[in-house]
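Q: The following block contains a protein sequence and its predicted model.
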Number of protein chains: 2
Amino acid sequence: MRVLAKNIIEEAKKNPDAEIEAYGWVHRVRDMGGVNFIILRDRTGLTQLVLSEKPDLTLESVIRVKGNPVLNEKAPGGAELRVKTLEVINRANPDLPFQVNGDVSKVGLESILDNRTLSLRNPKIRSIFKVQATIVEAFSAYLRGQDFTEFKSSKLVGGATEGGSSLFEVEYFDRKMCLAQSPQAYKQTMVVVGLERVFEVGPVYRAEKHETSRHLTEYVSLDVEMGFIESELDLIELERGLLGYVFQQVNEKNAEDLAAWGAAVPTPESVAAAPIISYEEALRIANDEAARNAGKNKPGKLFDVNPEAERLVCEWAAREKGTELVFVNDFPRKERPFYTYPKDAANTMSFDALFRGLEITTGGRRQDNYEALVGGLPKFGLKAENMEGYLSIFRYGCPPHGGFAIGLERLTQKILGLANVKEACLFPRDRKRIAP
Amino acid sequence: MRVLAKNIIEEAKKNPDAEIEAYGWVHRVRDMGGVNFIILRDRTGLTQLVLSEKPDLTLESVIRVKGNPVLNEKAPGGAELRVKTLEVINRANPDLPFQVNGDVSKVGLESILDNRTLSLRNPKIRSIFKVQATIVEAFSAYLRGQDFTEFKSSKLVGGATEGGSSLFEVEYFDRKMCLAQSPQAYKQTMVVVGLERVFEVGPVYRAEKHETSRHLTEYVSLDVEMGFIESELDLIELERGLLGYVFQQVNEKNAEDLAAWGAAVPTPESVAAAPIISYEEALRIANDEAARNAGKNKPGKLFDVNPEAERLVCEWAAREKGTELVFVNDFPRKERPFYTYPKDAANTMSFDALFRGLEITTGGRRQDNYEALVGGLPKFGLKAENMEGYLSIFRYGCPPHGGFAIGLERLTQKILGLANVKEACLFPRDRKRIAP
């Protein structure tokens, strides 16, 4: 019977004379002069194996051992296995290009990504994706609890919803299609056809030419859309509850993973204290903060809420409001897509969520009136005849609605304090990186 | 305060003089001479609205009403709303190209798909996607309960894992990439790097030229991979438990949706009774069954387990074993991809699951030995130098492992008894259909 690393201690307490089996990867080998130790790694953790003979093994080989479980305070997990028989299932090539059991904090990102099939074996690196799995689970569970229905939409679309140019083209038989930048039209469709509250977890694509620590050409979008809202404030309240639940779940299920990165999720108090400030206010705060940092009394020179401003606003919120989360609303018309619902002549019912200095969400109420939607297109240089598919959603009765999207990798990155969003993506893609 | 359709009866029981609000879509309008009825549709069902004045409304318009909830056995849900005020939120264009409140069983598939943003408003059609949401939820929940970790892999890959040609090409900056046919390499990677048990829910792509009732060019694959298995029998047992749980959850959460289609999920007994038969046996059974159907005593003429054979095997299992599910294992080497683990010289440790006449799963144990994998390539016309990425997974210690994938749309189709898999896809893609 196989016993997992985390359960060896229980077996040792029950009966140290019982023979149990353990399988896993050779994480480390130590020769202590007469006594030999192997640290065996499985999905639940590490186990110390004690052998009388020096094993003929390479690091990362997969082995199966039988032996007796014995309590030992100094061993990982508080117990060790005194090995009677050892079988090598698959011997690893000894020429490891990446040190799996080393300190990865000093290894460069390129090396980690180039050697993905080895670097993911490192428990600290793997822990990133355990946290990510919890985020997806908690996101879905929270929304289902609020009567949201999950859906899956096509990623092969005819053209850009947003009228943008950063699209990847696909050779689709004898024509061209594009990879969807977002499920925007589809999630609105699902609300309008009567599901009212929907979410999707799926890939989205942006042909970003620039390589930055914030961008991926393919990422997982946690998309939400909800009917019968009044304004973006309903969406902000939904996201506040949603993020609070995600943080709580990560805290509960990933304590070890958070500890590996020296990270902590925001407290419920921090989430509750997240202020809602207008775009204009955010700009003023960012400029004041920039001036403060420069030790001057004259304002900063930020003209829009760019990445630098996002960092400054979060700096201000941490100091003045004791929170790591900020909602910015009332974005000007020109900063938002054509389908954003107007608040007044100049501004829109839209918002961003900033978390630890980074925008993790964009959202807003959508225009639900067919005539208003069509009438607004020329201002954005768009023509109704090219938008037939999108416009048709609104022709036959439509509730007021809106939604938002959270970037899964960005949220993971910021929870764990990773320097680059690519660290929070299993197999990241950018202009140059196309493998593994 | 908004009250949902399903809760109107409770409000009526509590206090018929209370004024409550309801929002939704105008599903039907009836003038009964002096009394006017509107059937209002929301995400939870239908509500009868009673009005003294004839409303100026079009079908599918979105409205908000206030009124008193009154018990009425004849009304849908057992209560109706006596309307005091009615507000039209968005008036529907009266020229509906699709009758939302009609009997859709006589409407052709093309019309349903061409008018997706209207046909999805039909409660019966919408119910397909409520069942689908439960399948995704139950699939994930069952596997998490068995210690599986969810992951998200890239859909932009360098080439074909299977050496096949049915790939869609993507213009990726100054080079070509492909849309992944399956997350095969990635799910194996996740097992091999030490997560041991993983699953993914994501889109996969097949450039299928043929339009059949079984195929989509883009579908959602429910992928599973597990380490430390002995053979495909471990996988079959996992899938048996998984499908049993999915059926039970659909039965519990989607009783109304099943009823709308006159469908029932297999009983736990039916799932437990699902036989495991070898490929050779399946072929013999299919040929016997074909002969039986033809009323002859000579065998049929099926030479492989093709769609016709799958139907015949399921016909046999229903009659002889009282089950709607059959597992076929021991597929011959030539019927399976190069990475399939051999059982003996001729056959492999692989299987299909057939459900109600259709293959819904393919799976098997994978070759985990680097040398054996490389050595087996020439038989498949493959070269190690072109497979570097895939082969590298196995170079540094690998557990015995295997997995399977369930087609989400096919499972949905067969649960509800839909004639075509496209009915079970929100926005299906085939060679000709690229919108909505």
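A: Perfect, I can see it now. Numbering: from 1, shown residues only, chains lettered A, B, ... in the order given.
Q: Would you double-check that residue A:265 falls in a helix?
A: No - counting by DSSP: H, G, I helix; E, B strand; the rest coil, residue A:265 is located in no helix; its state is coil.
Q: so what's it closest to, chain neighbours aside?
A: residue A:247 (3.9 Å; C-beta to C-beta, 6 or more residues apart in numbering or on different chains). Glycine gets a C-beta too; all of them are placed from N, C-alpha and C.
Q: do you know how far the one you found is from residue B:148?
A: Look at residue A:247 and residue B:148: by C-beta to C-beta, to the nearest Å, they are 23 Å apart.
Q: that older thread, regarding the residue nearest to residue A:265, what is its secondary structure?
A: helix.
Q: Also residue A:303?
A: Applying three-state DSSP: residue A:303 is coil.
Q: give the contact list for it.
A: Neighbour list for residue A:303: residue A:283 [criterion: C-beta atoms under 8 Å, 6 or more residues apart in numbering or on different chains].
Q: Give me the phi and psi for it.
A: When quoted as degrees, to the nearest 10, the phi and psi of residue A:303 stand at phi -110, psi -10.
Q: for residue A:116, what are its contacts?
A: Counting by C-beta under 8 Å, 6+ apart, residue A:116 touches A:426-427, A:436, B:189.
Q: can you do 7 Å?
A: A:427, A:436 (C-beta atoms under 7 Å, 6 or more residues apart in numbering or on different chains).
Q: pLDDT score assigned to it?
A: At residue A:116, the pLDDT value in this model is 96.
Q: Repeat that for the one 5 residues further on.
A: Per-residue pLDDT puts residue A:121 at 98.
Q: What of residue A:210?
A: According to the prediction, residue A:210 has pLDDT 84.
Q: repeat for residue A:55
A: The score at residue A:55 is 92. That number is its pLDDT.
Q: from what I can see it touches residue A:40, true?
A: No - between residue A:55 and residue A:40 there is no contact under C-beta atoms under 7 Å: 11.3 Å.
Q: ok, the closest residue to chain B within the stretch 251-400 of chain A - contacts?
A: For the stretch 251-400 of chain A, the residue closest to chain B is residue A:397, as judged by C-beta to the nearest C-beta, at 3.6 Å. Residue A:397 makes contact with B:25, B:60-62, B:90, B:92 under the criterion C-beta under 7 Å, 6+ apart.
Q: so what's the residue nearest to residue A:265 up against?
A: For residue A:247, the contacting residues are A:265-266, A:271, by C-beta under 7 Å, 6+ apart.
Q: Same check on residue A:22?
A: Residue A:22 neighbours (C-beta under 7 Å, 6+ apart): A:2-3, A:40, A:47, A:65, A:81.
Q: Mark which of those residues are part of strands, please.
A: A:40, A:47, A:65, A:81 (DSSP state E).
Q: which one of these sits closest to chain B?
A: After measuring the ones in strands among the contacts of residue A:22 against chain B - C-beta to the nearest C-beta - the closest member comes out as residue A:40, at 11.1 Å.
Q: Can you check the pLDDT for the closest one?
A: On pLDDT, residue A:40 comes in at 98.
Q: Could you work out the most separated pair of the ones in strands among the contacts of residue A:22?
A: Pairwise distances across those (C-beta to C-beta) peak at 9.1 Å, for the pair A:47 and A:65.
Q: Same drill for those two, tell me which one is more crowded.
A: Neighbour count, other C-beta atoms under 10 Å in any protein chain shown: between residue A:47 and residue A:65, residue A:47 has more, with 28 against 22.
Q: Residue A:82 is in contact with that one, correct?
A: No - counting by C-beta under 7 Å, residue A:47 does not reach residue A:82; the two are 11.5 Å apart.
Q: quick one: low-confidence parts of chain A?
A: A:159-164, A:296-299 (pLDDT under 70).
Q: Okay then, goodbye and thanks.
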